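> Fold the following.
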Amino acid sequence: MKLSRLLSTAVLSAVTAIPSFAQGTMTFDYVTDESLLARWGTGKKENYDVAIRISDANLVGKQITGVTVPFEPTADISGVKVWLSKELTLETVDGVKQNAPDIVSVDAELEGSELAVTFAEPYTITADGVYVGYSFDVDKLTEATAYPLVLSAETHPDGLYLHSSRTYRSWMAASETIGGVSAMSVSIAGDFYESSVGIDAFGEQYVEAGKAGEARLTLVQNGSTTVTSVDYSYDVAGLTGTDHYELTEPLGPQYDGKTSVALPLPAVAEIGSYPLTVTITKVNGTDNTNAAASATTTLNVLPFVPVHRPLLEEYTGMWCGYCPRGFVGLELMNEKYPDLFVGVSYHNGDVLEIMRTNEFPNDIPGFPDAWLDRVHETDAYHGDNLTSYDFSLDDVYLARAAEIAPASVDVTAHWNDDSQQTIDVTGTVTFVKDVSGADYRLAYILVADDLHGEGPDWMQSNYFSGDTGYAESEGMDVFVNGGSSVSGLHYNDVAVLTSDIKGIEGSLPSDFKTGVAETCTYQFNVADAVNTDGEPIIQDKSKLRVVAVLVDADTGEVINSNKCDVDRGGGTGISAAETAKGGVKSIEYFDASGRKVTAPSGGLYIKSVRYADGTVKTSKVVLR
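Have a look, this model is predicted:
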């Protein structure tokens, strides 16, 4: 829960069927997700000046009445002030640069866990905006004063301006640099519509033909009453109508507060792209007054909507004391999202290392590290929220998974024979739209679970011993309660063997037709699964899995991925479908030029399988 988000309002008119104004006070801040709140600081004994900027045209003429700032309770700060200013300027006093607000500055005191000030004279917001800030001096360096600012781990251009006497010696827009916004909130009084909700974000939408879909968008609050429901209208592909939607969680009267919704839409039968207009017509049954109540985007009606499984690749090592959080993060993701999550762990400098750092799919600055789809650097436990102790990898993973993937990826893997020496893998890629002249490639990764051992080679370094910040968090108990090294761990999702990790050249064609599956077959020889010292790495053949990765070779980005277990218990490598066709009659191989190859060796070939019933199946296959 946020440390302080208070609303002080005058008496509001009762909700009626007619939009009305109400004289009241709304809360303005840049925090959109209270779970991202965390403490931040320079770790130095110095003086801080912190500000946000309010420059919303809708607030011109409204009045700033007060400011509230969450604070860690401490007696080790002084010189606390709250101020307003047109510009951020510094003046030199006794050789020291100090903040020089040009509107008002008020001396203040901390009360409990917050700094709260009500201005004696409200300030009227003008068209050129205003900076709202606070300042204080750190008198003694303690845990509280080393990290005295409460920030939310999100960014906004006007969400954080910072100056300090030793570290940030000039005013700077710090939100992007630090990755946070100030948690201060500003009370603004004036005439607000009671019911005013706009559409803030409305990207392209994707639905499957003939099936009811959803319009996923973000609502923004500009009214003075808590929103519990909206009515909306839609217009798409000749279909019009209205519907009612109950919010999962109420949207309180916080100015510019936002919430994401998925508004049901009717089925559209024909594949194609259509303009989609959605209008929020009512708020809590009252006519909506917001000028941005309507928005238009494109609805893409597809033959199917691929399941998007982002690839999370973690880089770790048993020598790395901060790497245990990635160990826990992958375990939690597999537990929470067993069918969606695709994770691969690459080890370095230990008995599970199969490649050097220069062979990793990503260039990594250090350990631990993790990348999502090889384009988004993140943390394998905290996600993008490195200032918090909370587990939030799922936030960034699910956000990526919600993005449309242009193709589906399917994969099967089975033992070639009862000796369980080779694994036949088939990856299938199906695009939702025609594609021409592309360079998409498939890559395969063999991963193993339950890798473990005894002795010093299997000791996991641990810097989290006794870390009280993780005491209430998920999954970290074994490390928080453990020593500086932890034994007895069982490592999962470990990469033990790969194809060309950045995609097999020629594994897919350059042109794709909508809904037409393209396949590439690959073969793993488990004898090749050794660590960089040449020692076998697979311990239990029943705990192997194959990850198929669709890579855009032009950019290096992973487009989609999937995983499957290697078929248990061995077998003939003949599927039920093949059996139904009377079995395999003959198998022939052809090179890329179409020439028949009687004794194929390593490389890419076209495999032609003729069945007893006369049917023929062709696929691309990579032989080792």
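> Go ahead and flag the most central residue of the chain.
Geometric centre of the chain, nearest residue: V396, 1.4 Å, by C-alpha atoms, centre = their mean.
> quick one, phi/psi of that one?
Phi and psi for V396, reported as degrees, to the nearest 10, are phi -70, psi -30.
> Relative to the whole chain's centre, how far out is the longest helix seen in the chain?
In the chain, taking DSSP state H as the definition, the longest helix is helix 324-336. In terms of C-alpha atoms, centre = their mean, to the nearest Å, the centre of helix 324-336 is found 15 Å from the chain centre.
> I'd like to know which elements the helix or strand just after it is packed against.
The helix or strand immediately downstream of helix 324-336 is strand 342-347, counting by DSSP states H and E. Contacts defined by 3 or more C-beta pairs under 8 Å, 6 or more residues apart in numbering; DSSP states H and E place strand 342-347 against strand 311-316, helix 324-336, strand 440-448, strand 494-498, strand 558-565. Bear in mind the C-beta positions are built from the backbone N, C-alpha and C, glycine included.
> give me that answer again for 7 Å
strand 311-316, helix 324-336, strand 494-498, strand 558-565 (3 or more C-beta pairs under 7 Å, 6 or more residues apart in numbering; DSSP states H and E).
> Now mean neighbour count too, for these, in CSV please.
Below are the helices and strands packed on strand 342-347 laid out as CSV (neighbours: other C-beta atoms under 10 Å):
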stretch, mean neighbour count
strand 311-316, 27
helix 324-336, 21
strand 494-498, 23
strand 558-565, 22
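> list the contacts for the closest residue to F367 other than its chain neighbours?
Among residues not flanking F367 along the chain, C320 sits closest, at 4.5 Å (C-beta to C-beta, 6 or more residues apart in numbering). When contacts are counted by C-beta atoms under 7 Å, 6 or more residues apart in numbering, C320 touches 367-368, 461.
> quick one on the thing from earlier: so for M26, which of the helices and strands packed on strand 342-347 sits nearest?
Closest to M26 of those, according to C-beta to C-beta: helix 324-336, at 36.3 Å.
> got the contact list for the closest one?
In contact with helix 324-336 (C-beta under 7 Å, 6+ apart) are residues 314, 316, 341, 343, 345, 368, 370, 380-381, 391, 393-394, 397, 460, 462, 464, 474-476, 479, 489, 492-493.
> For that helix, the averaged confidence score.
Averaged across helix 324-336, the pLDDT comes to 96.
> what does stretch 511-531 give?
Mean pLDDT, stretch 511-531: 95.
> ok, now stretch 181-193?
91.
> Pull out the buried residues from that stretch.
By neighbour count on 16 or more other C-beta atoms under 10 Å, the buried set for stretch 181-193 is 181-190, 192-193.
> which residue ranges form the helices in the stretch 101-250 of the chain?
In the stretch 101-250 of the chain, the helices defined using DSSP state H, counting those that start in this stretch lie at 143-146, 175-178.
> In the stretch 401-550 of the chain, where is pLDDT below threshold?
The stretch 401-550 of the chain contains residues with pLDDT under 70 at 471, 473.
> ranges for the strands of it?
Along the stretch 401-550 of the chain, the stretches classed as strands by DSSP state E, counting those that start in this stretch are 407-415, 422-431, 440-448, 460-461, 485-486, 494-498, 517-525, 544-552.
> L386 is in contact with the residue nearest to the centre of the chain, correct?
No. In this structure, V396 is not within contact of L386 by C-beta atoms under 7 Å, at 11.5 Å.
> just to revisit the earlier point, list the residues that contact the residue nearest to the centre of the chain.
372, 378, 383-384.
> what do you get if the cut-off is 6 Å, keeping everything else the same?
Going by C-beta atoms under 6 Å, 6 or more residues apart in numbering, V396 touches 378, 383-384.
> Among these, which ones are in strands?
In strands, defined here by DSSP state E, the members of the contacts of V396 are T378.
> Quick one: the contacts of V396 as CSV, columns for neighbour count and pLDDT too.
Below are those laid out as CSV (neighbours: other C-beta atoms under 10 Å; pLDDT from 0 to 100):
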residue, neighbour count, pLDDT
T378, 23, 95
G383, 24, 91
D384, 20, 87
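> and of the contacts of V396, the nearest to T42?
When the contacts of V396 are compared for distance to T42 (C-beta to C-beta), D384 wins out at 21.3 Å.
> Quick check: closest non-adjacent residue to that closest one.
Sequence neighbours aside, V396 is the residue nearest to D384 in space, at 5.2 Å (criterion: C-beta to C-beta, 6+ apart).
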